[in-house]
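Peer 1: Give the three-dimensional model of this entry:
(chains A and B)
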Amino acid sequence: MASISVPAGETSAPQQPRLRVSDYLRWSVDHKIIGVQYMVTSLFFFLVGGVLALTIRTELLTPQLDVLQTGQQYNTVLSMHGLIMIFLWIIPMMAGFGNYLVPLMLGAKDMAFPWLNAFAFWLIPPAGLLMLLSWFIGPPEAGWTMYPPLSTIFSGDGQVLAALGAHLLGISSILGAINFLVTIRNMRPKGMGYFQMPLFVWAMTATSILVVMATPFLAGALTLLILDKVAGTAFFDPANGGDVLLWQNIFWFYSHPAVYIMVLPGMGILSEVLSIHSRKPIFGYKMIALSSMAIGGIGFTVWAHHMFTSLQPEYRLPFMITSMIIAVPTGIKIFSWLGTIWMGKIRFTSAMLFSLGFLSMFVIGGITGVMLAVIPFNLHVHDTYFVVAHFHFVLFGGSVFAIYSGLYHWYPKITGRMMDERIGRWQFWLTYIGFLLTFFPMHFAGILGMPRRVAVYAPEFQTLNSLSSAGSAVLGFAALLLIWNMYKSLYVGSIAGANPWRALTLEWATTSPPPAHNFVGDPVPFHDPYGYGSEEATAYLDEIDQRYGKGSPAQPGSAAAPQPAGD
Amino acid sequence: MQQDLSQHLSRKELQDLKNKRTGLAIFQFSWIMAFVALIAVNWQLRYQSASWPPPGVDKLGVVIPSLMTLALIISSLLVRRATRAVKTGEQSVFINRWGLALLLGVAFVVVMAWEWITIPVSGQYSTLFRLMVGFHGVHALVIGAFMAVVYRNGRAGAYDPYHFWPVEGAAGLWHFVTVAWMLFYVVLYWL
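Peer 2: Residues are numbered from 1 along each chain as shown, chains lettered A, B, ... in the order given. Predicted coordinates for the structure are as follows:
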């Protein structure tokens, strides 16, 4: 027993390395630097996409055009908002968490292919630039889904640049995913089988399998689109033997799995945060791990539920059934998480609050998802604000809440300092209320028949839209609080110590931030990553504190890091 | 006899080799989906047109492409033998087989490029042919160039039973080219 309670080999504690901004501005093959590069880049694009979102909401305050001059401008703002938030915010942000955490959680020194890892990251800034530049040369107006003929006939040349940008991001995703899969398969430490891995690593496994299998379809679809735009082919032109539904099939065969690519890592974050902050072993470890794989597998069989209004009726039924089945593994996760926090010693840290926020919002988004899978209901609300409400509940209420939660949870590890919990709680409640106010009324607008993607709408919807717009202002302000909190805490946050949350996974069994090669000697994982509440676990955690140091206030007299509620 | 690598390579080198092998396998599995995507494109456009090929257009001849497919398969087998040879230290077998495989690969690319150029224009039928053969051809060209580099380095004696990854990697990619072509071959000429 004594041998497994020692978190690392017999060496003295290393000095805590200092973070230098210049390290993050150049090529580096250190997965921790690359992880932060991903995160900061995507936070930048989050702000850009957020400004666009607020522009949309301001425009929709009144039923007429007022902020923007033409409907085309509105189309462009909407398209850029979607493209940026999906391809340049959520997907790379999750890749950032994966890059930073997967090697640490596995006790590895780096990813399997460090150079490839850096290369995958450095595809993102030029891709982002292409997307932004597309605005200036005949902007895309076809939404993030880029349906022909909107994209082929009605959008300008910028559509080609946006498609090229998405192409680069797809390649970046594939290279990153190959790296994750190889790292996870080959670089686990002695004594960590697949079923001793932290659940975040399981989530990244499922995500990466989805990425490597689905993203080549995006590459195919985008290639055809670009050829139609620049090379005179007619793949999507029915007048010349093409087919517009071809795009929808190929695109959604990637993009529906992409929905799970965006949310599965968030579910992984949740599994860590909920267990650690309620000091209880995770409930149903294997079920959570395998349900990620099930979601991934079934996720490949549901794509045509995006096309219920255009599909031949006889094809609809199987897709309705598979779409509803997705709710089963998702439900397994939700109930396992509830089982995890049930009777736990819950500490309402900001990270925990956001994870609980995810739980409530994602349940709503999931239920509207099942509603949308029902063909008659879908036909009624197709392309209405009900759909907008649904996917913002899963993408913002799901993925973004998980990202916020993960940032509060791992910021101490990344920077060595705690974030301000008071601002964190403010941010949580403002986000929670602002989010509900923004997106809940959209359900009603949708059921009453307000179409999506319009700048001008019937006056009867104005009340609901004003509510949404007011909520979005709160939501935007709350996002700024997060940025401010992250910036401020870099300088004045209290010292985190190695393991401020007293967590058992390996990323905490080293200094914060970790040294260049993560660990001194080979770390020894605790036999159960969620074995909280045992004397053995307490001994292991005390050992980490002793070896790598505990947290302390930034200045004498200021508030100390929040103390965990015992093991 | 293949050598026992664990006697001669460091722990890190062994780990790197294992990682590269896994990475290559995942890449093959992943990128074949791009070819599957194009097959899906072919399939959807084909089944919504009244006749395939369109009326008045001749179906593509199968004789030359079949010979080329055979050449590609043989070259893949040669590459396989060459990879085994480099691991057992049979330098001359490696060079001969690899060179022959490269030659067959060049023949394949040249003939298929000729087919690509000379196919009569007939709407989606020829466009799809050009899309698929072109997409495959780009892969054959790039990976073939890689094989040529390996050939040159191999003649200079760069590989031995402990340092063979570029050979094994190029071989794996060439097998990928062959498998991808066999999928396309069936779809383009026989269905």
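Peer 1: contacts, neighbours, all on C-alpha from now
Peer 2: Fine.
Peer 1: that's a helix at residue A:211, yeah?
Peer 2: Yes: assignment of residue A:211 by DSSP: H, G, I helix; E, B strand; the rest coil places it within a helix.
Peer 1: quick one: contacts for the nearest residue to residue A:439 once chain neighbours are set aside?
Peer 2: Spatial nearest neighbour of residue A:439, excluding adjacent residues (C-alpha to C-alpha, 6 or more residues apart in numbering or on different chains): residue A:389 at 5.4 Å. Residues counted as contacts of residue A:389 (C-alpha atoms under 8 Å, 6 or more residues apart in numbering or on different chains) are A:439-440, A:442-443.
Peer 1: now these in JSON lines, with secondary structure, pLDDT and neighbour count?
Peer 2: Output for those, formatted as JSON lines (DSSP: H, G, I helix; E, B strand; the rest coil; pLDDT from 0 to 100; neighbours: other C-alpha atoms under 10 Å in any protein chain shown):
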{"residue": "A:439", "secondary structure": "helix", "pLDDT": "97", "neighbour count": "27"}
{"residue": "A:440", "secondary structure": "helix", "pLDDT": "97", "neighbour count": "21"}
{"residue": "A:442", "secondary structure": "helix", "pLDDT": "97", "neighbour count": "27"}
{"residue": "A:443", "secondary structure": "helix", "pLDDT": "97", "neighbour count": "21"}
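Peer 1: circling back: quick check: pLDDT value at the residue nearest to residue A:439.
Peer 2: Looking at residue A:389, its pLDDT reads 97.
Peer 1: State the helix or strand in which it lies.
Peer 2: Element membership for residue A:389, per DSSP states H and E: helix A:385-394.
Peer 1: Just checking, which helix or strand succeeds that helix along the chain?
Peer 2: helix A:401-415.
Peer 1: Could I get the average pLDDT for that following helix?
Peer 2: In this model, helix A:401-415 carries a mean pLDDT of 96.
Peer 1: List the buried residues in it.
Peer 2: Across helix A:401-415, burial judged by 16 or more other C-alpha atoms under 10 Å in any protein chain shown covers A:401-415.
Peer 1: just stretch A:527-541 next, same as before
Peer 2: For stretch A:527-541, a neighbour-count test (16+ other C-alpha under 10 Å) marks A:527-532, A:536-538, A:540-541 as buried.
Peer 1: do stretch B:104-119 as well
Peer 2: B:104-106, B:108-109, B:112, B:115-116.
Peer 1: Write out the residues of chain A neighbouring chain B.
Peer 2: Within chain A, the residues that sit near chain B (C-alpha under 8 Å from any C-alpha of the partner chain) are A:112-113, A:178-179, A:182-183, A:186, A:212-214, A:216-217, A:219-220, A:233-235, A:240-243, A:246, A:250.
Peer 1: Can you turn the buried part of these into a ChimeraX selection?
Peer 2: Applied in ChimeraX, the following selects the buried portion of those according to 16+ other C-alpha under 10 Å:
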select /A:112,113,178,179,182,183,212,213,214,216,217,219,220,233,234,235,241,242,243,246,250
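Peer 1: Surely residue A:416 and residue A:492 touch.
Peer 2: No: counting by C-alpha atoms under 8 Å, residue A:416 does not reach residue A:492; the two are 11.3 Å apart.
Peer 1: Tell me how many other residues crowd residue B:67.
Peer 2: Residue neighbour count, defined by other C-alpha atoms under 10 Å in any protein chain shown, stands at 12 for residue B:67.
Peer 1: same check, this time on residue A:306
Peer 2: Residue A:306 has 19 neighbours, counted by other C-alpha under 10 Å.
Peer 1: coming back round to it: quick one: which of residue A:416 and residue A:492 has more around it?
Peer 2: Between residue A:416 and residue A:492, counting by other C-alpha under 10 Å, residue A:416 is the more crowded of the two (28 against 16).
Peer 1: and that one, what does it touch?
Peer 2: Each residue near residue A:416 by C-alpha under 8 Å, 6+ apart is listed here: A:495-498, A:512-513.
Peer 1: Please identify which of the residues you listed is nearest to chain B.
Peer 2: Closest to chain B out of the contacts of residue A:416 is residue A:513 (24.8 Å), distances taken as C-alpha to the nearest C-alpha.
Peer 1: Where does pLDDT dip in the chain?
Peer 2: The chain I'm using is chain A. Within chain A, the stretches with pLDDT under 70 are A:1-17, A:554-567.
Peer 1: I was thinking of chain B, sorry if that wasn't clear
Peer 2: Short version for chain B, where the test is pLDDT under 70: B:1-3.
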